[in-house]
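Novice: Can you look at this prediction? I've put the sequence above it.
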Amino acid sequence: MDNQWGRQRRRWLGAGAGSALLALAGCAGRAPAVSPGATPARPAAPTRTDRTARAVPALRAGAQIAVVSPASAVSGAPEAAARWLESRGYSARLMTSQRLDAPFEYLAGPDSLRLAQLHSAFADPQIDAIWCLQGGFGSWRLLPQLDYALIRENPKPFIGYSDITALHLALQRQAGFVTFHGPMPGQDFRFGRNEPTESLTWAMLNGELGQGSWIEAPGDSPLMTLASGTASGRLVGGNLALISALMGTPYEIDTEDAILFFEDVNELPARVDRMLAQLKASGKLRQAAGVLIGTFTRGASGNAYAAERRYQPLMREIFQPLGIPVLAGWPSGHGDPNLILPLGARVTLDAERGALRLDQAVVAAPTTAARFPQAA
């Protein structure tokens, strides 16, 4: 494992090395509403801020990482996440809770508790990064009550994907710093993921990938250039169902002059067609500078490779008339491997090369360089 990580790291760093730069108890059975007598001040609806996303502090050696569950929860996952982080040399702070009883069993505690945990993780200066345990459902319920000023004043790595897309979209609108669409301990690392899932994650969070570095998919990835060319812009997006669900809200995606990334799971081609038609009708596709299409898993019959191919005629029909670079089959999302992506950061998409270049630092160099984590 150590040699494999070393080889991956040297390959990435070769392209741009010089420029790198209160745990709360569970509340099963309670209604997912704000606690009685404790009505938090409702922040102003988020608006567009400076489009240049700030780099967040890089992870230092021995950093303390909060594990939060803003969406769903599975028994045993928090403890497994803590063991995994500690095996990599980090300190884990579990800020998770038990899932509610029916009919809200899809939530990891009431909204007020999940909101308090998220706010505490950002506010605590001893916490260096926030890693979402898993996706599921319910992150969108927190958006109107988030304290965006608090979050904006305490930038730190925030990592997650799937349902966590709702939080990414809101933070991109309001917080002004890079967030990371990436693998989660309770949904990915708990079960193991193929390389370079883990090594790329640490390389990006530790600051070993700097401005000018290229992110390349493994050689066996089912990449397909649907429209050739290169394009530069902010990287935006996430889970397609969440992008679609938040259209028409203050948190909807901003694709103007951006590289649009999307992926999904358990969505039939017909439903994907409908969601993309919505984005097209809203003008979101026309505004984009380029498109990066991630994995689409468990939505079409056949093996993983054949299933991915089922979506490509639809993607080609929708995106080729736009006259912008489009790369499909990128291994980020619910597949394996699952490559981390820096949302809000300026990148260049090279659809013919099948790669993504970082056009800015996504983390600020730590005062004490963090060592590359080693497996226990």
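Specialist: The structure has been received and is ready for your questions.

Novice: where exactly do the strands run in the stretch 201-350 of the chain?
Specialist: When assigned using DSSP state E, counting those that start in this stretch, the strands of the stretch 201-350 of the chain occupy the ranges 214-216, 224-227, 230-239, 258-265, 290-297, 326-328, 341-343, 346-350.

Novice: The ones you listed into a markdown table, with extra columns for mean pLDDT?
Specialist: Conversion of these to a markdown table gives the following (pLDDT from 0 to 100):
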| stretch | mean pLDDT |
| --- | --- |
| strand 214-216 | 97 |
| strand 224-227 | 96 |
| strand 230-239 | 99 |
| strand 258-265 | 98 |
| strand 290-297 | 96 |
| strand 326-328 | 97 |
| strand 341-343 | 99 |
| strand 346-350 | 99 |
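
Novice: what's the closest of those to Ala121?
Specialist: strand 341-343 (18.2 Å; CB to CB). Glycine gets a C-beta too; all of them are placed from N, C-alpha and C.

Novice: Give the pairing partners of that closest one; include direction for each.
Specialist: strand 179-181 (antiparallel) (DSSP bridges).

Novice: Which residues outside the partner strand are in contact with it?
Specialist: When contacts are defined by CB atoms under 8 Å, 6 or more residues apart in numbering, strand 179-181 is touched by residues 157-161, 165, 167-168, 171-172, 204-205, 237-238, 261, 332, 340-344, 362.

Novice: what pLDDT, on average, does it get?
Specialist: When pLDDT is averaged over strand 179-181, the result is 99.

Novice: Could you save the strands of the stretch 201-350 of the chain as CSV and add columns showing distance to Arg141 and mean neighbour count?
Specialist: As requested, the strands of the stretch 201-350 of the chain are exported to CSV (distance: least, CB to CB, whole Å; neighbours: other CB atoms under 10 Å):
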stretch, distance to Arg141, mean neighbour count
strand 214-216, 32, 20
strand 224-227, 35, 19
strand 230-239, 16, 23
strand 258-265, 20, 25
strand 290-297, 25, 26
strand 326-328, 32, 26
strand 341-343, 21, 27
strand 346-350, 30, 23
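
Novice: Out of the ones you listed, which gets nearest to Gly283?
Specialist: For the strands of the stretch 201-350 of the chain, distance to Gly283 was read as CB to CB. The smallest value, 12.3 Å, belongs to strand 258-265.

Novice: From the contact counts, what lies against the closest one?
Specialist: The elements that strand 258-265 packs onto, with contact taken as 3 or more CB pairs under 8 Å, 6 or more residues apart in numbering; DSSP states H and E, are strand 230-239, helix 240-245, helix 284-287, strand 290-297.

Novice: Pro331: what's it in contact with?
Specialist: If you count contacts by CB under 8 Å, 6+ apart, Pro331 has them with 217-218, 221, 294-295, 337-339.
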